[in-house]
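S.K.: generate a structure from the sequence data that follows.
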Amino acid sequence: MGIYDNERGAMSERERRQYTLMRDKLSEFHSGALSIGSLIDSLSALLDNTEDASTQWLDEFREHWWTLEQIYAVELDREEQGELPPESLSLVSATVSSLQKLVEKALMESKECTSPVSPCLDG
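M.R.: Numbers count the residues shown, from 1 in each chain. Next up, the predicted model:
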C-alpha cells in the first residue's frame with residue numbers, strides 16, 4: 001500500500017501543500033527558527049488537514065509527533081522553556097529526522113504519482 005488512501009492513489013495539490021508546509025516547519029525547527037512547541041502545534045494542525053494519507057502513514061507520523069509532544073510536556077513540567085535538556089536533544093533530533101523522512105517519502109511518492117507512467121495506479 002502506498003501513502004494515499006484515496007481512489008486515485010495520488011496526492012491532490014492541496015495535500016501536497018500540506019506536506020510541503022510540514023517539511024518547511026521541520027526545516028525551520030532544525031535551523032533553530034522555530035520552537036518545539038510551535039513545531040508540535042504546526043504539525044498537529046497540518047496533520048489534521050490531511051485527507052489522503054494511509055492509516056499506516058498517519059499512525060507512524062503520529063507516533064513520532066507524540067514523542068515530541070511528550071518531551072515538550074516534560075520540558076513544561078520542569079519549567080525549562082529555554083533550550084531542551086541535553087538528554088532530550090538526541091531523541092528530538094532523531095524524531096525530527098524520522099518525521100522529515102516520512103514527509104519526504106510522501107512528497108516523492110506524490111511526484112511519482114503524477115508521472116505519465118504512475119506506479120500509484122498499478123493496483
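S.K.: helix or strand with the lowest mean pLDDT in this protein?
M.R.: helix 86-113 (a mean of 89; mean pLDDT, DSSP states H and E).
S.K.: could you report the neighbour count for Thr55?
M.R.: Residue neighbour count, defined by other C-beta atoms under 10 Å, stands at 9 for Thr55. Bear in mind the C-beta positions are built from the backbone N, C-alpha and C, glycine included.
S.K.: measure it to Phe61 for me?
M.R.: Distance, Thr55 to Phe61, by C-beta to C-beta, to the nearest Å: 11 Å.
S.K.: repeat that for Ala45.
M.R.: 13 Å.
S.K.: with neighbour numbers in mind, choose between the two.
M.R.: Taking other C-beta under 10 Å, Ala45 and Phe61 do not tie; Phe61 has more neighbours (20 against 12).
S.K.: can you verify my assumption that the more buried one contacts Lys101?
M.R.: No: using C-beta atoms under 8 Å, Phe61 is not in contact with Lys101, being 10.6 Å away.
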